[in-house]
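# Predicted model and sequence below, questions to follow.
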Amino acid sequence: MDKNTLLITNNQVNFFHNEGYLCIEKLTDSDDVALIKEIYDDLFNQQVGRNIGDHFDLAGTDEDNETASLPQILNPDKYAPEINQSQLLVNATSVAKQLLGKDATCSFAHAILKPAKIGAETPWHQDAAYWDPNLLYRSLSIWVPLQDVNEQNGCMHFVPESHKTDVFPHQSINNDPRIHGLELVPEKMENIQNVVSCPLSTGGATFHDPYLLHHTPPNQSNTPRRALILNATLSVSSRSKPLSFPWVEGKQTAREKRAINGDN
């Protein structure tokens, strides 16, 4: 795959805006994925950024003596800037501009690992539930598995058209403020309907709106499930009536404590 622009069809653009997501069978080639996978594994093996809160367990209380069931690394390009030279970033940016607009920018946001056999579910949520409640976002997330993904190891699932609502109430996973990850509150689970599963081959990707409900099941396979997530943004604007996100305000995570101590 060369550096030429990766084009999608008008039907794909329209599908994304109507349904809130898009599956791309081939966003980059296997050689590019192999290089990124090697970097990815090295970052997790080193637990880069743990002392400043960039490495943490998304689904657990994140104590140093516990095995993480859903380890995450924020801003992986900070620790491996060479991934910014990848074909993946070129192609992801190209597609994002076609979906959002020519001024959209794209960058690596985080990496999520589901360890073999014990990799936890990522519960139903909206990405915007993590973000500033004073703002409205015109953006999308690009979810890139670094191996084939299916129901057994944790492929992406979406609720089509759920992006046409605003942010639903969320809570910390298991309603435990020590856990960084969020989940839709039980009384709103009635909105999980007409679910679409998106298995992918290596080199594929999904694109989804930040207000779209989505989740990935646990990894029940014998190999780790690796996913790299990019974020593309066109613009943000202030809400006329700011919201309140108590599920963010009430966090008491080990990750945040490390981040505060790392800044001192």
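Received it, and whenever you're ready, just let me know what you need.
# I figured Arg239 hits Tyr137, correct?
No: between Arg239 and Tyr137 no contact is recorded; they are 10.4 Å apart, counting by Cβ atoms under 8 Å. No exception for glycine: its C-beta is placed from N, CA and C like everyone else's.
# What count of nearby residues applies to the residue nearest to Ala254 when sequence neighbours are not counted?
The spatial neighbour of Ala254 that comes closest, neighbours along the chain excluded (Cβ to Cβ, 6 or more residues apart in numbering), is Asp62 at 4.3 Å. Around Asp62 sit 25 other residues, with neighbours defined as other Cβ atoms under 10 Å.
# Go through the helix or strand hosting Asp77 and flag the buried ones.
Remark: Asp77 resides in helix 76-79, with elements defined by DSSP states H and E. Buried residues in helix 76-79, counting neighbours by 16 or more other Cβ atoms under 10 Å, are found at Pro76, Asp77, Tyr79.
# helices and strands around it, which ones?
Secondary-structure packing of helix 76-79 (3 or more Cβ pairs under 8 Å, 6 or more residues apart in numbering; DSSP states H and E): helix 30-46, strand 105-114.
# for the helix or strand following the last one, the distance to its chain's centre please.
What it means is strand 105-114. Elements were assigned by DSSP H and E; along the chain past strand 105-114, the next helix or strand is strand 122-125. Remark: strand 122-125 is offset 11 Å from the chain centroid, using Cα atoms, centre = their mean, to the nearest Å.
# Would you list the phi and psi of the residue nearest to Leu200 when sequence neighbours are not counted?
Of all residues not flanking Leu200 in the chain, Val149 sits nearest, at 5.2 Å (Cβ to Cβ, 6+ apart). Phi and psi for Val149, reported as degrees, to the nearest 10, are phi -130, psi 150.
# This protein: helices as residue ranges?
Listed in chain order, the helices found in the chain under DSSP state H are 10-19, 30-46, 76-79, 87-100, 246-249, 254-263.
# Can you tell me which of these is most buried?
Mean neighbour count, computed with mean count of other Cβ atoms under 10 Å, is highest for helix 87-100 among those, reaching a mean of 22.
# before we move on, the earlier item: distance to Gln85 added to the helices and strands packed on helix 76-79, as a markdown table?
Below are the helices and strands packed on helix 76-79 laid out as a markdown table (distance: least, Cβ to Cβ, whole Å):
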| stretch | distance to Gln85 |
| --- | --- |
| helix 30-46 | 10 |
| strand 105-114 | 12 |
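# okay, these in JSON lines with mean pLDDT and distance to Asn261 next?
JSON lines is the format used below for these (pLDDT from 0 to 100; distance: least, Cβ to Cβ, whole Å):
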{"stretch": "helix 30-46", "mean pLDDT": "97", "distance to Asn261": "19"}
{"stretch": "strand 105-114", "mean pLDDT": "98", "distance to Asn261": "21"}
